[in-house]
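# turn this into a structure:
(4 chains)
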2 protein chains.
Amino acid sequence: MTSVRPNAGTKGVARADREAQILAIASRAFGEAGFAATSVADIAEAAGISKPLIYNYFGSKEGLYAVCVQHAAEILTAEIERTAASGTVGLARAVVTLDGMFRALAPQPWIWHLVLDTTAPRDEATQEVLAAYERRIFAFGVEGVSELLRLAGNDDPTDTSAMRAVWENVFRTLVTWWLDHPEESPEEMTQRCIRLFSAVFGEIDPAALAAVSTA
Amino acid sequence: MTSVRPNAGTKGVARADREAQILAIASRAFGEAGFAATSVADIAEAAGISKPLIYNYFGSKEGLYAVCVQHAAEILTAEIERTAASGTVGLARAVVTLDGMFRALAPQPWIWHLVLDTTAPRDEATQEVLAAYERRIFAFGVEGVSELLRLAGNDDPTDTSAMRAVWENVFRTLVTWWLDHPEESPEEMTQRCIRLFSAVFGEIDPAALAAVSTA
DNA sequence: TTGATATGACTCCTGAGTAAGTTACCATAG
DNA sequence: CTATGGTAACTTACTCAGGAGTCATATCAA
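Residues are numbered from 1 along each chain as shown, chains lettered A, B, ... in the order given. Coordinates of the predicted model:
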């Protein structure tokens, strides 16, 4: 007799491969449109599979999202660790870190918004992963901000907290601005950041910028 | 016979009053939970009325939201115009503007997120209202940023664009940080901003800060 | 009686999640 | 070399909940 369900059955794709494929497609969809605006059916269609397979492998929409966020945080954290190993300090470290982010994000810019999106549901584990990522990426910021205020004779801890929030958002803004200008290469954007920081804080020691990529 | 629909009929509330009430309640709900997470039924219940009345008066959920956003933008823009009239310039103008925002937001902090939320649908008219608000609130930022870069010998227009994005987010971050610390009065927060700006840009002329509220 | 204010009880759609079954592959028994 | 059965990969066709929006009707004041 003829096939009643012609598309059923294995397509010869191993679970690990399929999971990786779904993860990549879902990350892009979630990152570009946001959690709420992305349906599981959309992702399934983009991957060329059916919805239940996603539920089989990831349990729920939220579970899939959590894996995407954790994966993105791992990529970005690994990049941070790499740049931190260069031992740069002070303002130059901010530049080196930004440079690393630009280069890590270039092939998959959408993961940036995954880590940033605040409207998405967050289970406890995801929350902790993200908190660790933020601690790591802004570790140097904490010291830099404290020192800046101390130099100005200010050691109020609440002032430091507010200033740190400002600094973190400057960092985020520079990355987001860059993502909004896709014609700009990571190298160009890094040079731009150097010019902007210099305009506010004065010249940066060129020797300290040795770890930065050049065009 | 007994009443089939005991709650129907007028409650003696004129349309204009009811609209104002719905607007206030919806603004708070949308601002605190976001557009997507707020249902029309929620708003109706909070207002003590039924859903169809909201549809009668505002046409749709999106229509209601648009009115909320426009109302919020009007309040904030009016505050900007008021502070702008003081004629302050430079960094002191930033402080004066922030001070005005803190005071305008104190009685209804939630409207801040209404203006900020990017996940909500925006018809053309709303878009234009918001754009006008942003132009107005950041007008002084454009000049300040250009001047800062020019002083550093930089007149690249793209650098100026990026720097303006950074500045606008510094402004937003300071307001948002304050909203996250509700125990802090507007006056205290303004003084904090003065300290933070001073630490980065040097002392601000006290005479220029005459328009600022004091504790 | 008319029109403004108001509501209960719907319809309809979207999107998460599931039940139950289908196909392909592979190991092992005969 | 073929049967048999177990398991992994995969799908169709649902259920179900929640929320936007509507219809017909009810009350009240002038």
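
# mind checking how far the strand or helix carrying residue A:135 is from the chain centre?
Assigning secondary structure by DSSP states H and E places residue A:135 in helix A:124-151. A distance of 15 Å separates the centroid of the chain from that of helix A:124-151, by C-alpha atoms, centre = their mean, to the nearest Å.

# report all helices and strands that it contacts.
Packing partners of helix A:124-151 (3 or more C-beta pairs under 8 Å, 6 or more residues apart in numbering or on different chains; DSSP states H and E): helix A:61-84, helix A:90-105, helix A:157-179, helix B:186-201. Where C-beta positions appear, they are placed from N, C-alpha and C, glycine not excepted.

# buried residues in the helix or strand bottoming out on mean pLDDT in chain A, which are they?
Sorted by mean pLDDT, DSSP states H and E, the helices and strands of chain A end with helix A:124-151, the least confident at a mean of 90. Neighbour counts over helix A:124-151 (16 or more other C-beta atoms under 10 Å in any protein chain shown) mark A:126, A:129-130, A:133, A:137-138, A:140-142, A:144-146, A:148-149 as buried.

# closest to residue B:51 among these?
residue A:126 (34.8 Å; C-beta to C-beta).

# residue contacts, the closest one?
Applying C-beta atoms under 8 Å, 6 or more residues apart in numbering or on different chains to residue A:126 gives the contacts A:66, A:69-70.

# which residues are in contact with stretch A:87-96?
The set of residues external to stretch A:87-96 that reach it, using C-beta under 8 Å, 6+ apart, is A:83, A:86, A:140-141, A:144, A:171, A:190, A:193-194, A:197, A:201, A:204-205, A:208-209, A:211-212.

# now name the helix or strand holding the most centrally placed residue in chain A.
By C-alpha atoms, centre = their mean, chain A has its centre lying nearest to residue A:112, at 3.6 Å. In this assignment (DSSP H and E), residue A:112 forms part of helix A:111-116.

# could you give the number of residues near residue A:76?
Residue A:76 has 21 neighbours, counted by other C-beta atoms under 10 Å in any protein chain shown.

# what separation do you get for it and residue A:123?
Distance from residue A:76 to residue A:123, counting by C-beta to C-beta, to the nearest Å: 20 Å.

# ok, now residue A:59?
Separation of residue A:59 from residue A:123 (C-beta to C-beta): 11 Å.

# still on that earlier bit, what angle do the least confident helix or strand of chain A and helix A:61-84 make?
Using axes from the mean of the first three to the mean of the last three C-alpha atoms, to 10 degrees, the direction of helix A:124-151 lies 40 degrees away from that of helix A:61-84.

# related to what we said a few turns ago, and the helix holding residue A:112, average pLDDT?
Regarding helix A:111-116, the rounded mean pLDDT is 94.

# can it be said to contact chain B?
No. With C-beta under 8 Å from any C-beta of the partner chain as the criterion, chain B is not reached by helix A:111-116; the gap is at least 10.8 Å.

# residue ranges with poor pLDDT in chain A?
A:1-8, A:215 (pLDDT under 70).

# who in it is up against DNA strand D?
Residues of chain A lying close to DNA strand D (C-beta under 7 Å from any atom of the strand) are A:5, A:7-15, A:18, A:48-53, A:56.

# list the contacts for the closest residue to residue A:73 other than its chain neighbours?
Counting by C-beta to C-beta, 6 or more residues apart in numbering or on different chains, the nearest residue to residue A:73 once its immediate chain neighbours are dropped is residue A:133, at 4.3 Å. Counting by C-beta under 8 Å, 6+ apart, residue A:133 touches A:73, A:76-77, A:80, A:115.

# output those residues in TSV, with distance to residue B:167 appended to each entry.
Output for the contacts of residue A:133, formatted as TSV (distance: C-beta to C-beta, whole Å):
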residue	distance to residue B:167
A:73	28
A:76	25
A:77	29
A:80	26
A:115	23
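
# residue in chain A nearest to DNA strand C?
Nearest residue of chain A to DNA strand C: residue A:9, at 2.8 Å (C-beta to the nearest atom of the strand).

# could you look up the SS state of that residue?
Counting by DSSP: H, G, I helix; E, B strand; the rest coil, the backbone at residue A:9 sits in coil.

# that one: how many residues sit nearby?
8.

# and residue A:170, by the same measure?
21.

# that one against residue B:172, yeah?
No. In this structure residue A:170 lies outside contact range of residue B:172 using C-beta atoms under 8 Å: 11.3 Å.

# wait, doesn't residue A:199 sit right on residue B:154?
Yes. Using C-beta under 8 Å, residue A:199 is in contact with residue B:154, at 5.7 Å.

# for PyMOL, write a command that selects the buried ones of the residues of chain A next to DNA strand D.
This is the PyMOL syntax for the buried subset of those, where burial follows 16+ other C-beta under 10 Å:
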select buried, chain A and resi 18+49+53
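
# among the residues of chain A next to DNA strand D, which are in helices?
Mapping the residues of chain A next to DNA strand D onto helices (DSSP state H) picks out A:15, A:18, A:51-53, A:56.

# would you tell me which of the helices and strands packed on helix A:124-151 gets closest to residue A:36?
helix A:61-84 (10.2 Å).

# which residues sit against that closest one?
The contact list for helix A:61-84, computed with C-beta under 8 Å, 6+ apart, reads A:22-23, A:26-27, A:30-31, A:35, A:40, A:43, A:54, A:58, A:96-97, A:99-101, A:103-104, A:108, A:111-112, A:114-115, A:120-123, A:125-126, A:129-130, A:132-133, A:136-137, A:139-140, A:211.
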